[in-house]
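S.K.: quick check, what structure comes out for this input:
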Amino acid sequence: MNKVLFIQCSAELPISPSDTLRGGYAILEPAACWVAAAASKGDSLTMIREWEPLTINGDFMSDEEILETIKTFDPQAIGFSVFTAGYQRALLLAAQIKTSWPQIRIIFGGWHPSLCPNEVASKDFIDVVVVGPGEPVIKKVLSDHMPVSKKIIRVKPDAEFFGEPNRTGIPIDSLRLTQIGATATQRVASISITRGCPHRCTFCCTPQIYPKLAKRDITEVACEIKYLANNYNTLFIRDECLMADQKYLVTLCQKIRDFGVSGLAIHSFGHVSHASEGIINLMANVGWKSIHYGIESFNFKRLKAIGKDKTFWQNENAFYYTREAGIFIIASVMLCQPGDTLETFDQILRGFKDFVPDEAMVLFLQPFPGTPEHTKCKNQIISTRTENDYFLVRPFVDIGIPEQELHRQREKLLFEYYTSENYKALLKSRKQQMGLTQFKKFTAVFRERQLKRGIDIWVE
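M.R.: Sure, this is the predicted structure:
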């Protein structure tokens, strides 16, 4: 019986710039699960899974543990789904595997291989590089139906190729019910419902690989969510642009309600241009607890440069509808865009105080290889940066401010926001809206992060 092992490679968010925990194999789930479903119907299947640090603070497997798993499982092929930040570590692991088990076929796919296929294919220990979705070709790759000489396989990202994982076929105890922070009762699962993005932000990898929005069958998705709700209490929907097709999202919410799913806290990304009052209220009614909006900048000129200027006037309504519906708001911005100065920090602080998100994320622009932003910023990228640094908390574009000062200003900005009267008023209204007990339960992990800043969000 054939066996295939899928490994999702990501990089861990550092605790601080000076205390960086490198690498890891995350559950950027279920990206490899789509391929697994297409590849292994009836076959023995193991997936190595952990949580992506940008999602939750999870534990990591060492290379030694992964190699031991490979030795025990004895797969005929290993598929790596690789993000840029995890690329170097994936290469090191793949080389070790090929040295120890030369008969194993090594397949690389995912964002970085899709954007930089020639570079990845130049590694002699990698047998196949898949550009685009792997579902249509994975069976052929595993069964040796692909010509050996065809090392790079390019797949057109059509909606008809969108795989549908059958999670009910995977034993629930193999999914590692992950505990995070101090909340031993929080068990988190991830799911993807749509793939691709109709927007054209210049810094984003997604539209370069999946320019069209592909959607899974709604009934299949609702069945999977109901299945997960029996074993988990928290669901993270990984989709980049779930809200883009509002008719689809409305129908999905209705299916979730009709299937009787309850007690499941749902979290997802959102786009302010799609955040209508009706959509937000419907999402809240079926269990949505937080939405992460990528604001990117409070400067209209910067937004226009990265292809997001149309969202500038939509932030206020989106935040108002989301807050009134009782859904927590996570808002992220990107520092070190071309033209940024120290004044940018003050502008971001003013923006946060105006819109008052529950959690403010101040990240750094990452001009990923293969994106228009990388081409535009190429001559300004700090020369010492490598693929390992693509984890959002290190500056890439040189704007003439020392890195140590950038991090100091970033932390100062966040401290001033979280201790502002605007934020204190938000906390007071949230406690009244949710009730103090529910508020503490929901914010336990976030509070731990804030305590490191000397801020206790539970104290008036």
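S.K.: report pLDDT for residue 61.
M.R.: Note for residue 61: predicted pLDDT of 62.
S.K.: quick one: residue 151 from residue 86, how far?
M.R.: Going from residue 151 to residue 86 by CB to CB, to the nearest Å gives 21 Å. Where C-beta positions appear, they are placed from N, C-alpha and C, glycine not excepted.
S.K.: who has more neighbours, those two?
M.R.: Between residue 151 and residue 86, counted using other CB atoms under 10 Å, the more crowded position is residue 86 (32 against 16).
S.K.: correct me if wrong: residue 397 contacts residue 338.
M.R.: Yes - under the criterion of CB atoms under 8 Å, residue 397 makes contact with residue 338 at 6.1 Å.
S.K.: got any ranges where the protein has weak pLDDT?
M.R.: 1, 9-61, 135, 138-139, 143-149, 157-186 (pLDDT under 70).
S.K.: so what touches the lengthiest helix in it?
M.R.: Longest helix in the chain by number of residues, with DSSP state H as the criterion: helix 403-418. When contacts are defined by CB atoms under 8 Å, 6 or more residues apart in numbering, helix 403-418 is touched by residues 17, 335-336, 342, 345, 348-349, 352-353, 360, 362, 364, 394-395, 401, 423, 450, 453, 455, 457.
S.K.: with just CA atoms, put stretch 418-434 into CSV.
M.R.: Output of stretch 418-434 as CSV, limited to C-alpha atoms (Å, rounded to 0.1, in the frame of the first residue of the first chain):
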residue,chain,number,x,y,z
TYR,A,418,-3.2,50.1,24.6
THR,A,419,-3.0,52.6,27.4
SER,A,420,-5.0,55.3,25.6
GLU,A,421,-8.4,56.5,26.8
ASN,A,422,-9.9,55.4,23.5
TYR,A,423,-8.8,51.8,24.1
LYS,A,424,-9.9,51.9,27.8
ALA,A,425,-13.3,53.0,26.6
LEU,A,426,-13.4,50.1,24.2
LEU,A,427,-12.6,47.6,26.9
LYS,A,428,-15.3,49.0,29.1
SER,A,429,-17.9,48.7,26.4
ARG,A,430,-16.7,45.1,25.5
LYS,A,431,-17.1,44.0,29.1
GLN,A,432,-20.6,45.4,29.2
GLN,A,433,-21.4,43.9,25.8
MET,A,434,-20.1,40.4,26.7
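S.K.: the domain parsing of this structure - what is it?
M.R.: 3-156, 177-451 (automatic domain parsing).
S.K.: so which of those is the most surrounded?
M.R.: Among those, ranked by average contacts under mean count of other CB atoms under 10 Å, first place goes to domain 3-156 (a mean of 19).
S.K.: so where do the helices sit in the stretch 201-350 of the chain?
M.R.: For the stretch 201-350 of the chain, helices defined by DSSP state H, counting those that start in this stretch occupy the ranges 206-209, 218-229, 246-258, 277-285, 300-305, 315-324, 342-355.
S.K.: the ones you listed: which one's closest to residue 141?
M.R.: Closest approach to residue 141 among these (CB to CB): helix 206-209, 18.2 Å.
S.K.: what packs against the closest one?
M.R.: When contacts are defined as 3 or more CB pairs under 8 Å, 6 or more residues apart in numbering; DSSP states H and E, helix 206-209 packs onto helix 111-115.
S.K.: spell out the residue ranges of the helices in the stretch 51-200 of the chain.
M.R.: For the stretch 51-200 of the chain, applying DSSP H, counting those that start in this stretch gives helices covering 63-73, 87-100, 111-115, 117-121, 138-142.
S.K.: with just CA atoms, put the longest one into PDB.
M.R.: What it means is helix 87-100. Output in PDB follows, covering the C-alpha atoms of helix 87-100 (Å, rounded to 0.1, in the frame of the first residue of the first chain):
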ATOM      1  CA  TYR A  87      11.900  27.600   2.600                       C
ATOM      2  CA  GLN A  88      15.400  27.300   3.900                       C
ATOM      3  CA  ARG A  89      14.500  24.900   6.700                       C
ATOM      4  CA  ALA A  90      12.400  22.800   4.300                       C
ATOM      5  CA  LEU A  91      15.500  22.600   2.000                       C
ATOM      6  CA  LEU A  92      17.600  21.300   4.900                       C
ATOM      7  CA  LEU A  93      15.100  18.700   5.900                       C
ATOM      8  CA  ALA A  94      14.500  17.600   2.300                       C
ATOM      9  CA  ALA A  95      18.300  17.200   1.800                       C
ATOM     10  CA  GLN A  96      18.500  15.100   4.900                       C
ATOM     11  CA  ILE A  97      15.600  12.900   3.800                       C
ATOM     12  CA  LYS A  98      17.100  12.300   0.400                       C
ATOM     13  CA  THR A  99      20.400  11.400   1.900                       C
ATOM     14  CA  SER A 100      18.900   8.900   4.300                       C
END
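S.K.: does residue 357 really touch residue 319, like I thought?
M.R.: Yes - contact criterion CB under 8 Å: residue 357 and residue 319 qualify, at 7.1 Å.
S.K.: identify the contacts common to those two.
M.R.: 293, 329, 331.
S.K.: any chance of those residues in CSV, with distance to residue 444 too?
M.R.: Listed next are the shared contacts of residue 357 and residue 319 as CSV, based on distance: CB to CB, whole Å:
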residue, distance to residue 444
293, 23
329, 18
331, 21
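S.K.: which member of those is positioned nearest residue 284?
M.R.: Top of the list for closeness to residue 284, among the shared contacts of residue 357 and residue 319 and by CB to CB, is residue 329 at 12.2 Å.
S.K.: which one is the closest one nearest to, not counting chain neighbours?
M.R.: In space, residue 329 comes closest to residue 357 once its chain neighbours are excluded; the distance is 4.3 Å by CB to CB, 6 or more residues apart in numbering.
S.K.: same question for residue 279.
M.R.: Here the residue nearest residue 279, using CB to CB, 6+ apart, is residue 246, at 5.8 Å.
S.K.: ditto for residue 294
M.R.: residue 332 (5.4 Å).
S.K.: how close does the one you found get to residue 210?
M.R.: Distance of residue 332 to residue 210, given as CB to CB: 21 Å.
S.K.: quick one on the thing from earlier: quick one: contacts for the residue nearest to residue 329?
M.R.: Counting by CB under 8 Å, 6+ apart, residue 357 touches 293, 319, 329-331.
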